[in-house]
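Chemist: Take a look and give me a structure for this.
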Amino acid sequence: MTSQFLPDYGLFLLSRGVQPGTRLVFFDLPIDHITRPALRTVTVTLSIEEPGQDYAISFDFIGPR
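Modeler: The predicted structure is shown next:
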C-alpha cells in the first residue's frame with residue numbers, strides 16, 4: 001500500500017545537510033490548503049518540487065498576525 005502523503009520537505013533538507021536554523025526564501029509558491037486547527041493557529045500547506053520528486057511543506061502561524 002502506498003502513502004497518499006507527500007514526503008516531508010524539511011526532512012529532505014536535513015538529509016541534504018541543511019542546518020535547522022537556516023533561513024529559507026520561497027518565491028511563487030501555490031498554497032494548497034489554509035486551515036485553522038485552533039483558535040489562534042493558522043496552518044498553510046503547500047507542495048514544492050525538487051528534481052523528480054514533490055514534497056509537502058507546512059507553516060504554522062500562532063498568535064495575533
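Chemist: contacting residues for the residue nearest the centre of the chain?
Modeler: Closest residue to the average C-alpha location of the chain: I57 at 1.3 Å, with Cα atoms, centre = their mean. By Cβ atoms under 8 Å, 6 or more residues apart in numbering, the contact set of I57 is D8, Y9, G10, T45, L46, S47, I48. No exception for glycine: its C-beta is placed from N, CA and C like everyone else's.
Chemist: Of those residues, keep whichever come out buried.
Modeler: Y9, L46 (16 or more other Cβ atoms under 10 Å).
Chemist: Generate JSON lines for the contacts of I57, with pLDDT, distance to L39 and secondary structure as supplementary columns.
Modeler: Compiled in JSON lines, these are given as follows (pLDDT from 0 to 100; distance: Cβ to Cβ, whole Å; DSSP: H, G, I helix; E, B strand; the rest coil):
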{"residue": "D8", "pLDDT": "90", "distance to L39": "26", "secondary structure": "strand"}
{"residue": "Y9", "pLDDT": "90", "distance to L39": "27", "secondary structure": "helix"}
{"residue": "G10", "pLDDT": "90", "distance to L39": "26", "secondary structure": "helix"}
{"residue": "T45", "pLDDT": "90", "distance to L39": "19", "secondary structure": "strand"}
{"residue": "L46", "pLDDT": "89", "distance to L39": "23", "secondary structure": "strand"}
{"residue": "S47", "pLDDT": "87", "distance to L39": "27", "secondary structure": "strand"}
{"residue": "I48", "pLDDT": "86", "distance to L39": "29", "secondary structure": "strand"}
